[in-house]
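Q: could you look at this predicted model? Sequence included:
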Amino acid sequence: MTSPSSTNLAHDLMILLATTPGRPPDVNALTSLGGWDRVASDGAAMADSPVLAPLVALVVRDTANPNNRTCAYTAAISAITTAITQTKSPAVFADSLNTLLSCPAALAESRTDLTTELDEIVRNFCKLPTPNTRAAQRAADALEALTRLNLANDDPPFDLLALLKKFDAPVPKPLATAVIRAVGTVVDHWPHAASLADVIRLVAGMDKPPAKVQPGLDPEDVASDAAWALAGIELVDALRASDLAAMATHLEASAAYLDTARDNYEREDANVLLAVVQLLLSLLQESGVSPTVTSLATPRLAPEALDDLGERVRRINVASVGLNHWYGDPKRAALAAWSRFADDLGRLRKEFDRNSFYKAAVVVDHLLQIYMGSRSVEVVRHEDDVDGLLSLVQPIIETGFARTAGLLSNLEDHTEELEQQVGAATTADQRFILSEQLEAARAVLAAARLHALGGAGQGKGDGGTADTPLPPPISQLVPAGSDAANHLGTLPQVTLGELARAIDNRTIGRRSLNLIETQVFSRIRAALALSPDYRGDVATTVDELLRIIIRFVTTRTNRQSDRFPYLFDPAAKEDSIHHDLDGYLTLSDLGSTVEYEVQHVAGGRIDLRLRFDDFAIHIEMKVDSTKVPMSDKTAYLKQAAAYQGTDIRIGFLVALRHKAFDPTGPAPHLSELIGHTTFDIEGDRTPRHIITVQVPGSRTKPSDMR
């Protein structure tokens, strides 16, 4: 079966596939076809073969295992890339290309050639005197793949931007849709590309094109997607705006496009987003330069208006957004953010003791999270020290009011909480410490509020930049070198550090889950569904705690050593992560339920307990210096299961792991750090459910990895 004839390769593959109809081929299928040598010699001639896509799938499957690769591997990947890019069949091209794009290791070999060939496909289409639908579909898939490949690089995509600028007139619908998607994506990730909005208007026939329009084209076919994408471009510009006035200008433009999408194309997603944009505009207008409004009477926050918004959110059809393919999955992550947002608006309406400025900050923060969740895309990124990894790329909001809006709201929340704690303090020492923290919080809040509203204290002070920089995220609220920053720099650094951590934890805890986090969340929930206790209020509460702990693991995995030194310390003890998680949970929405080291539970002491009216959730914590998988740590699991003896049979086991992972390399993917297992108890017919959480310890800074 090693004939050099490509026809024979296709024939052999057809026979092989016929032996296992409806099932994946045997793990040795590629080897039985002749292996990498056969693919290298015959693969390029498989262009347009109806079994090219299955062949690519076999190649990708074997590529995933480095032990399967031979000296002919590189040539085989090159041959497969050639076959794909020379394929004229739109269906075979799309299926094969998408399979290749899913494989980091294959892209490590083919990325450069693939990028060049895809670019050529699109440029060749632009030269066709009479383009047809088949060629347009092929060019559309090539353009979307090019966009994904560019997202995986850190360098500015000048070639892609130049290619997109070539589209200055309507084109067939498949390619027009791809152009609109690509422009929306590059504007999300490269702010300087905002001028490409003109490309969308030209492709959709909204502006008169400079060139002759190809007969038979109807730009109205993509007008709905164009209106949505243009609304998104204005919205991301609003989120990046440096002041409230500029934000309002872009929001008004976004609202105009959303109004068109809603009225002309009956888009339910545009209807929902328009309500939010209009609400935010009304809040910004009430805020003014000097926020003195102490109540909010806008009709858009009336109970019936919020009920209507919530119903529309529940009704929204994700598919109607028109952003499927590599856009599709992240939309699911955004739905959770929409639902939380609608609920939070109801609480906002009741908060009459706050200035409307802070209400605007809350809405801006929610809007930012929804936008980032809905516009995230999956790309395959290659790194030098690993075969590759799946990367979730989100829109870049480098500057602007949106970047600090949530911090402002959370800072005020924390300040109010400190005021209550000072009033409830039972000892003089406790009152003194809390009062010092409260004084610092009030000072930072006043300075941040002035800066965000464009008031005094923004410029450089006489003293220049303070000797000691403000810790993040306070440094995001008050610019370095300003009079306010220099003044705040005189406050005790320990106090500022604690305040910064409190704001950071609040902000992190309120963020919506991204795509990868959502996948982990869904997987654990599906496993918990087998527990008879996972019902009603218990399920709701466990879900919320799971969400918070997933965010805890994400942030601790991403944070640098100066913020959480214990994660990089091989000698770190259990109390380090114990105190960290305790503080994190205390500042979350479940903070009032957290109890520390509770005695007399199952004859022992539980590290953390979250106590509710009818049940409690127990968290057992460990520091571990073995390589044994968490699901096999019998002693740990027994201890965690023991605390469930008289309560719900669902708990958490959290461990700081020093030796489970290579301390000199990257941390494992989030999906490998959070798991689920059951534990059987003799004499008990119902197993205990334990969510296992691993936090990588003894880590090495990426810059020090060798």
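A: Looks like it came in fine.
Q: convert the C-alpha atoms of stretch 9-21 to PDB, please.
A: What follows is stretch 9-21, C-alpha atoms only, in PDB (Å, rounded to 0.1, in the frame of the first residue of the first chain):
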ATOM      1  CA  LEU A   9      -3.600   6.900  -1.800                       C
ATOM      2  CA  ALA A  10      -7.200   8.200  -2.100                       C
ATOM      3  CA  HIS A  11      -8.400   4.700  -3.100                       C
ATOM      4  CA  ASP A  12      -6.600   3.100  -0.200                       C
ATOM      5  CA  LEU A  13      -8.000   5.700   2.200                       C
ATOM      6  CA  MET A  14     -11.500   5.100   0.900                       C
ATOM      7  CA  ILE A  15     -11.100   1.400   1.600                       C
ATOM      8  CA  LEU A  16      -9.800   2.000   5.100                       C
ATOM      9  CA  LEU A  17     -12.700   4.400   5.900                       C
ATOM     10  CA  ALA A  18     -15.200   1.800   4.600                       C
ATOM     11  CA  THR A  19     -13.900  -0.700   7.100                       C
ATOM     12  CA  THR A  20     -15.100   1.400  10.000                       C
ATOM     13  CA  PRO A  21     -18.200   3.200   8.800                       C
END
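Q: right, and the helix or strand after the lowest-mean-pLDDT helix or strand in the chain?
A: Least confident helix or strand, the chain: helix 328-350 with a mean of 57, by mean pLDDT, DSSP states H and E. Proceeding C-terminally, helix 328-350 gives way to helix 356-374 as the next helix or strand, assigned by DSSP states H and E.
Q: that next one packs against which elements?
A: helix 223-240, helix 268-287, helix 328-350, helix 401-424 (3 or more C-beta pairs under 8 Å, 6 or more residues apart in numbering; DSSP states H and E). The way it works is simple: take the backbone N, C-alpha and C, and place the C-beta from them, glycine included.
Q: angle of that helix against helix 268-287?
A: Taking axes from the mean of the first three to the mean of the last three C-alpha atoms, to 10 degrees, helix 356-374 and helix 268-287 form an angle of 150 degrees between their directions.
Q: immediately after helix 356-374, which helix or strand?
A: If you walk from helix 356-374 toward the C-terminus, the next helix or strand you reach (DSSP H and E) is strand 377-381.
Q: isn't F661 up against P668?
A: Yes - contact criterion C-beta atoms under 8 Å: F661 and P668 qualify, at 5.6 Å.
Q: overlap in contacts of these two?
A: P696 (C-beta atoms under 8 Å, 6 or more residues apart in numbering).
Q: these two: which is more packed in?
A: A count of neighbours by other C-beta atoms under 10 Å puts F661 above the other of F661 and P668, at 19 against 15.
Q: now the residue lying closest to A425 once chain neighbours are set aside: which helix or strand?
A: Distance criterion C-beta to C-beta, 6 or more residues apart in numbering; nearest residue to A425, sequence neighbours excluded, is R431 at 3.9 Å. Using DSSP H and E, R431 falls within helix 428-452.
Q: run through the stretch 1-150 of the chain and note the low-pLDDT ranges.
A: For the stretch 1-150 of the chain, applying pLDDT under 70 flags the ranges 1-7.
Q: the stretch 251-400 of the chain now?
A: 285-303, 305-307, 309-359, 373, 381-392, 398.
Q: go again using 50 as the cut-off
A: 288-296, 317-329, 352-353, 383-388 (pLDDT under 50).
Q: next, give phi and psi for L488.
A: Phi and psi for L488, reported as degrees, to the nearest 10, are phi -70, psi -30.
Q: also V693?
A: With angles defined as degrees, to the nearest 10, V693 sits at phi -130, psi 120.
Q: next, the contact list for it, please.
A: Residues counted as contacts of V693 (C-beta under 8 Å, 6+ apart) are I549, V553, F652, L653, V654, A655, L673, I674.
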